[in-house]
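Asks: need a structure here:
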Amino acid sequence: MDADRLQQSLGYRFADASLLRQALTHRSYGQPHNERLEFLGDSVLNCTVASLLYDRFTRLDEGDLSRLRSNLVKQQTLYEIAQRLGLSEHLLLGEGELKSGGFRRPSILADAVEGVVGAVFLDSGFDAARKLIASLYEPILKDVDPLTLGKDAKTLLQEWLQGKKLPLPVYTVVATHGAAHSQMFEVECAIPKLQIQVLGSGASRRAAEQGAARQALEAAQAAMPTERRRVRTRGEVGSGGLVGKDGASSAEALEAAPARNEVRR
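Replies: Alright, predicted model coming up:
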């Protein structure tokens, strides 16, 4: 563990360096490990992220704020923060975890982030921990789309169609393949009004529907392009919805669909 380099990346220097070491110590390495610091850091993290969202997105209601917070403090987000900090290079792991690649495991890295937050809280108090969390989340909050984050493709498609006053899509299982314990489903998503039919495949009906919905949304947006609108500042949501920096609507922020899905127009 290179404490000096890590503290430089964090933008925070510990008065008690043993707290940082504990924050990065997995239980497989020995005592004192970071599980109690994780517990503390998780609470500080949730409170601070809630406060950051409350200040930044002034027009979002409680439900949307809760959805955003749950997605910003989940394991995947913390894992990405850990990767940005290079925490895997500083973890203290037991021999078994080292051999099994524990330094790459998302759960271990996410716990380490919470441990570091808890350590900063004990070292200097809430204000210092809040400052650290705000700096770690600034790159994320700068680009976050509050209308899409945490919503699945089916929900986004439904909201987009309702906004255009179009009928809801129809999902139909068109085929299943494989043995009962390893089936693959093919689901068609149809939007008759736009003459769109989309096939999605997945290991479950839900997964196949999500893939089809993702493709259907892209096809529907291509069929009915929206007029570019003025970009709102500070992520505020008005009656017209949030638009990205390039003027695209929030629904257009979906990631590219899996290669297995195919569009039939």
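
Asks: for residue 7, which non-adjacent residue is spatially closest?
Replies: Nearest residue to residue 7 in three dimensions, chain neighbours excluded: residue 13, at 5.0 Å (CB to CB, 6 or more residues apart in numbering). All C-beta atoms are positioned from the backbone trio N, CA, C, and that covers glycine.

Asks: how close does the one you found sit to residue 120?
Replies: 10 Å (CB to CB, to the nearest Å).

Asks: ok, residue 179 next?
Replies: Separation of residue 179 from residue 120 (CB to CB): 51 Å.

Asks: ok, those two, which is more surrounded?
Replies: Between residue 179 and residue 120, counted using other CB atoms under 10 Å, residue 120 has the larger neighbour count: 26 against 6.

Asks: in space, what's closest to that one - neighbours in sequence excluded?
Replies: Of all residues not flanking residue 120 in the chain, residue 129 sits nearest, at 4.7 Å (CB to CB, 6+ apart).

Asks: who are the contact partners of that neighbour?
Replies: Neighbour list for residue 129: 44, 48, 117, 120, 121 [criterion: CB atoms under 8 Å, 6 or more residues apart in numbering].

Asks: tell me, how many neighbours does the second one end up with?
Replies: The reference is to residue 48. Other residues close to residue 48 by other CB under 10 Å number 22.

Asks: what does stretch 29-47 contact?
Replies: For stretch 29-47, the surrounding residues in contact (CB under 8 Å, 6+ apart) are 19, 22-27, 69, 73, 92-94, 97, 111-119, 121-122, 126, 129-130, 133.

Asks: out of those residues, which end up buried?
Replies: Buried members of the contacts of stretch 29-47, scored by 16 or more other CB atoms under 10 Å, are 19, 22-26, 69, 73, 92-94, 97, 111-119, 121-122, 129-130, 133.

Asks: narrow those to those in strands?
Replies: Judged by DSSP state E, the buried ones among the contacts of stretch 29-47 include no members of strands.

Asks: which ones among those residues map onto helices?
Replies: Of the buried ones among the contacts of stretch 29-47, the ones assigned to helices by DSSP state H are 19, 22-23, 69, 97, 111-119, 121-122, 129-130, 133.

Asks: for this protein, what spans make up the helices?
Replies: Under DSSP H, the chain gives helices at 3-10, 17-23, 35-56, 62-72, 75-85, 95-99, 106-124, 126-143, 153-163, 205-223.

Asks: tabulate the ones you listed (TSV), appending mean pLDDT and distance to residue 171.
Replies: Converted to TSV, these look like this (pLDDT from 0 to 100; distance: least, CB to CB, whole Å):
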stretch	mean pLDDT	distance to residue 171
helix 3-10	90	46
helix 17-23	95	46
helix 35-56	95	33
helix 62-72	88	23
helix 75-85	90	27
helix 95-99	86	43
helix 106-124	95	31
helix 126-143	92	31
helix 153-163	84	8
helix 205-223	86	5
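
Asks: so which of those is nearest residue 187?
Replies: Of all the helices of the chain, helix 205-223 sits nearest to residue 187, with 3.9 Å by CB to CB.

Asks: what helices or strands is the closest one leaning on?
Replies: Counting contacts by 3 or more CB pairs under 8 Å, 6 or more residues apart in numbering; DSSP states H and E, helix 205-223 is packed against helix 153-163, strand 170-177, strand 184-191, strand 196-202, strand 262-264.
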